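In: sequence-free structure coming up:
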């Protein structure tokens, strides 16, 4: 078992890093006060993954609190939807500026609640800035009334309108607490909806921070509200009152939400699990592909929906690639620090550590070979686990097909491109994938054959995720619906067709026999086809 990872000196600062000075009781208290809950609500304490120390004291919402939030949201949404789009745009752009101006505060919160490195956290700040700017400046184009071809040329004036759904439920996860919380709310808000959101309790402060900044940017009261509590307690009220649901989480939970949404005949967008593959073609630059694999597998300690858990490498370059990948992985600096000095941070929860440990232990017990990592690091903190590379992974091992959601990747080889694509597609999931090639056209051709909602060529996931004008989402068990692009905002709207018929409709005019009218209509259809009218 390899143990060559570079770690920071075992000083007290590394093993028990203090919370940043920015996270004052005044700040955490102000954020906690934004939770919709009664004054005498039960409380829950969250803990910092780096150390296990208490972090925040939050009120716990009840189903009745959720009902109250929706009642207020429905009133606030009417005025919000009636507000000129130009004013909503200004609020989002002010929010954009505030997020960037308060960057360090956001980074401190994310690291304290999630345990990720500062290098990983800063990408969330950038992501929210991009998302806010994009929808602020493109919503008018997407939401504007659109002329459509009428039933009868000239005589039928047809317009497509877009109306907000109403009140949207957003259920956001702990792994990307700013991107998933604020990013999904931004598009819904810009479309004229109100939002009632349940962030994961572990990272609720980060979500509440984004809500706090949006109010500072000018968002009216009641338009965006947050509740805190277990899904088993609040899920019913969140579903029963929603006009649309945006959920990010496990496939099992997503199936339940889809079933509930179907029962109520409302829409839902679901980003669920993944077992993402990376294909390294035989013409790839091995050194660059090894760098790319590190960036693909270990960001946020592997707790990223679009990170890579399966690697398929051409047999002709496998040994060289594996040597380069292992060497780079063993040089990664693991530790707890509120600066940019570490490469890999902590897992977030004890449950996630248990899953990662169980997956690796099961694989090793059944014959897998550990090329790097393979063990927890309690000397660094309670939830640290080394970036781990496995080979000789077989279908009888749990991590072969099940999502690990941690810093663990299995390396496989292949003989032909057809074999590589078949192996990459041998999963019910289809969220993200990566293809590495020295020939861009060849890489894109292989990418088009991979069953995944996004496929990156010579990049891990950031190219597709950051291309916010394009849709982002999963196929198969990885979900339905899309973030980003036109669909990312139009899904929060109801399309309406208004057709104004002028002069003459489809009924025969007075004095013309029905059979004569039928012949005229038939002749008109033939003429329109011959004239090339669509």
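Out: All right, it came through fine. Since this is a predicted model, take the numbers as computed values, not measurements.
In: could you say which helix or strand holds the spatially most central residue of the chain?
Out: Among the residues of the chain, residue 180 comes closest to the average C-alpha position under C-alpha atoms, centre = their mean, at 5.4 Å. Assessed by DSSP states H and E, residue 180 sits inside helix 179-190.
In: which strands and helices sit next to the helix or strand that that helix is followed by?
Out: As assigned by DSSP H and E, the chain's next helix or strand after helix 179-190 is strand 194-199. Contact partners of strand 194-199 among helices and strands, from 3 or more C-beta pairs under 8 Å, 6 or more residues apart in numbering; DSSP states H and E: helix 63-82, strand 167-172, helix 179-190, helix 204-216, strand 224-226, helix 231-241. In short, each C-beta sits where N, CA and C put it, glycine included.
In: wait, which of these is closest to residue 150?
Out: helix 63-82 (27.5 Å; C-beta to C-beta).
In: Serialize the helices and strands packed on strand 194-199 to TSV and add fields for distance to residue 534 and mean pLDDT.
Out: Below are the helices and strands packed on strand 194-199 laid out as TSV (distance: least, C-beta to C-beta, whole Å; pLDDT from 0 to 100):
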stretch	distance to residue 534	mean pLDDT
helix 63-82	34	98
strand 167-172	35	98
helix 179-190	31	97
helix 204-216	43	98
strand 224-226	42	98
helix 231-241	41	97
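In: for residue 313, which of the ones you listed is the nearest?
Out: Of these, nearest to residue 313 by C-beta to C-beta is helix 179-190, at 30.1 Å.
In: the longest helix in this protein is where?
Out: helix 118-143 (DSSP state H).
In: now do it and helix 179-190, the angle between them.
Out: 20 degrees (axes from the mean of the first three to the mean of the last three C-alpha atoms, to 10 degrees).
In: partner strands of the next helix or strand after helix 118-143, parallel or antiparallel?
Out: Next along the chain after helix 118-143, taking DSSP H and E as the criterion, comes strand 146-148. In the sheet, strand 146-148 lines up against strand 156-164 (antiparallel) (DSSP bridges).
In: now for the one helix or strand residue 29 maps to, which elements pack on it?
Out: Element membership of residue 29 [criterion: DSSP H and E] is helix 25-32. Other helices and strands packing on helix 25-32, by 3+ C-beta pairs under 8 Å, 6+ apart, are strand 54-59, helix 204-216.
In: can we see that at 10 Å?
Out: strand 54-59, helix 103-114, helix 204-216 (3 or more C-beta pairs under 10 Å, 6 or more residues apart in numbering; DSSP states H and E).
In: still on that earlier bit, what angle do the helix holding residue 180 and strand 167-172 make?
Out: 170 degrees.
In: now helix 179-190 against helix 103-114, angle please.
Out: Going by the same axes, to 10 degrees, helix 179-190 makes 120 degrees with helix 103-114.
In: hmm, residue 281 and residue 318 touching each other?
Out: No. If you go by C-beta atoms under 10 Å, residue 318 and residue 281 don't touch, sitting 12.0 Å apart.
In: what is in contact with these two at once?
Out: Common contacts of residue 318 and residue 281 (C-beta atoms under 10 Å, 6 or more residues apart in numbering): 312, 414.
In: any chance of JSON lines for the helices and strands packed on helix 25-32, columns distance to residue 424?
Out: JSON lines is the format used below for the helices and strands packed on helix 25-32 (distance: least, C-beta to C-beta, whole Å):
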{"stretch": "strand 54-59", "distance to residue 424": "39"}
{"stretch": "helix 103-114", "distance to residue 424": "29"}
{"stretch": "helix 204-216", "distance to residue 424": "33"}
